[in-house]
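S.K.: quick one, what's the 3D model for this:
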Amino acid sequence: MIRNWALKAALAVVTLVVLSLAQIPQCDAKSWSFALISDTHDCEKVNTPTGVTPALLPILEFIVSQKPDFVIETGDLITGVLTKSTSPVYEKYSKQYSNYMATVAILAETNIPLYVIRGNHDYGRDNRDTNCYHAYMSIIANKMPQTGPEAEKGLTYSFVHNGAKFILADQFVNGKDRMPTLNIDWIKTEVNNGKNEKYVFVFGHSPMYTPNDMESKHHWNMFQQQNLRDELWKTLVNAGNVVAYISGHKHLYCRGVVEGIPQLVIGDLGTLESYNPKDADKRIADLSPQESVNSADNHPGCMIITINDNNTITAAEYWLYGNNVQLHDEFKLNSNN
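M.R.: Below is the predicted model:
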C-alpha cells in the first residue's frame, strides 16, 4: 500500500511539472529578421572626405543592436561618379569603396553578412565608368554570391535563407543613356525556381512605380522602362509567394501596393528629397505616407523585416534623429499569398 501510494504521488508530481512547463510561454525560436539600407553615398558631393554618408555608422550600430540575420543594401554605396572635382576623393573610387568597407566592418565583426547591389552612383553618369566598375568588382562584387548569370557574377544573384528566397537584380549591366536594364529572363527563372520556398523577396536599385514624380529626363529610373517593368511585375504577381519588391534610388521613404505586391522605397540614407503623395504613380494603392513631407523633415533611416513562424511578416522603419534612432513606421506585409 505504501509503495503504491508513493508511486501515485510521484506520478502526480511529474504530471504537475509537465503541465506547468506547458503553460510557460515559450520563445519563438523560429522568428528571424533582416535589415535594409540604401543610398549610403554622401550627400555632400562637393567636399565629401569619404564618399560615404556619416549617417551610415550610427544606423549600422543600431542595426547590430537588433541582431538581424543579415543586411541588404539596394545600391549607391558611395558618392562615386557624382563626386565633384573639389572633393579629396574625386575619381578615387577604390578609396571610396574602401571607406565604405571600413564603415560596414562593424557587421563583419558581429558576424552579420552584408549583401549589396549597385546603384547609378556605382555605375556612371550616362554610361559605365570603367574605373568605378573595376573598383566595385575588385572590392565589393567578389564578396557577393556568385550565383547570377555568367556576365553578371557578383552583380546579380540570389540566395535562400530559412525558407525565403532573395533575388537581387543589377539594373546597369549594358545600361546606357541613363536607362536601366533588367535580365528579365534570369529573374523569371529565379522567381519560378523559388516557388518551393515559402517567401520570395525581390530587390533592385530603382522603384518600379515612381513615388514622387515622373521625371522628364531619363535618370536611371526603372519606371521609365515600362515594358520591362510591366513584364517584371506580371512575373511577381503570378508567382504567388512574392512578399515585396524593395528599392532605393529615390531619397525618401515610401511604401504602397501595386496589384497585390508591396513596393518599399527605402532610399533615405542618401540626399533627402521632398515627398508629395499627389505626385506618386496613381497605380500605387495604400500609399504611405499619405501627407507631404518636406526634405527638411525627412531623416536617414533603415528598415528591419521580421519573419515570424505564425505566417506573419512585420516591417519596421527606423529614423535617425541626431544620435538617436526611433521607430518611424510599422506595418504588416502580405505573407499569405
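S.K.: all helices of the stretch 51-200 of the chain, in order?
M.R.: In the stretch 51-200 of the chain, the helices defined using DSSP state H, counting those that start in this stretch lie at 56-66, 93-109, 130-139, 184-193.
S.K.: ugh, typo on my part, it should be the stretch 201-337 of the chain
M.R.: 226-239.
S.K.: V237: which of the helices of the stretch 51-200 of the chain is closest?
M.R.: Closest to V237 of the helices of the stretch 51-200 of the chain is helix 184-193 (C-beta to C-beta; 10.4 Å). C-betas here are computed from N, CA, C, even on glycine.
S.K.: who are the packing partners of that closest one?
M.R.: Judged by 3 or more C-beta pairs under 8 Å, 6 or more residues apart in numbering; DSSP states H and E, the packing partners of helix 184-193 are strand 164-168, strand 199-203, helix 226-239.
S.K.: relative to helix 226-239, how tilted is it?
M.R.: 10 degrees (axes from the mean of the first three to the mean of the last three C-alpha atoms, to 10 degrees).
S.K.: going along the chain, name the strands of the stretch 151-300 of the chain.
M.R.: Along the stretch 151-300 of the chain, counting by DSSP state E, counting those that start in this stretch, strands occupy 157-161, 164-168, 199-203, 242-247, 253-258, 261-266, 285-288.
S.K.: of those, which approaches M222 most closely?
M.R.: strand 242-247 (7.9 Å).
S.K.: so what does that closest one touch, helix or strand wise?
M.R.: strand 199-203, helix 226-239, strand 261-266.
S.K.: K176 - nearest residue in space that isn't next to it in sequence?
M.R.: Spatial nearest neighbour of K176, excluding adjacent residues (C-beta to C-beta, 6 or more residues apart in numbering): N127 at 5.1 Å.
S.K.: now the helices and strands packed on helix 184-193 in CSV, with mean pLDDT, mean neighbour count and distance to K282?
M.R.: CSV is the format used below for the helices and strands packed on helix 184-193 (pLDDT from 0 to 100; neighbours: other C-beta atoms under 10 Å; distance: least, C-beta to C-beta, whole Å):
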stretch, mean pLDDT, mean neighbour count, distance to K282
strand 164-168, 98, 24, 27
strand 199-203, 97, 24, 22
helix 226-239, 97, 16, 14
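S.K.: how about TSV for these, with distance to D185 added?
M.R.: Below are these laid out as TSV (distance: least, C-beta to C-beta, whole Å):
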stretch	distance to D185
strand 164-168	13
strand 199-203	15
helix 226-239	10
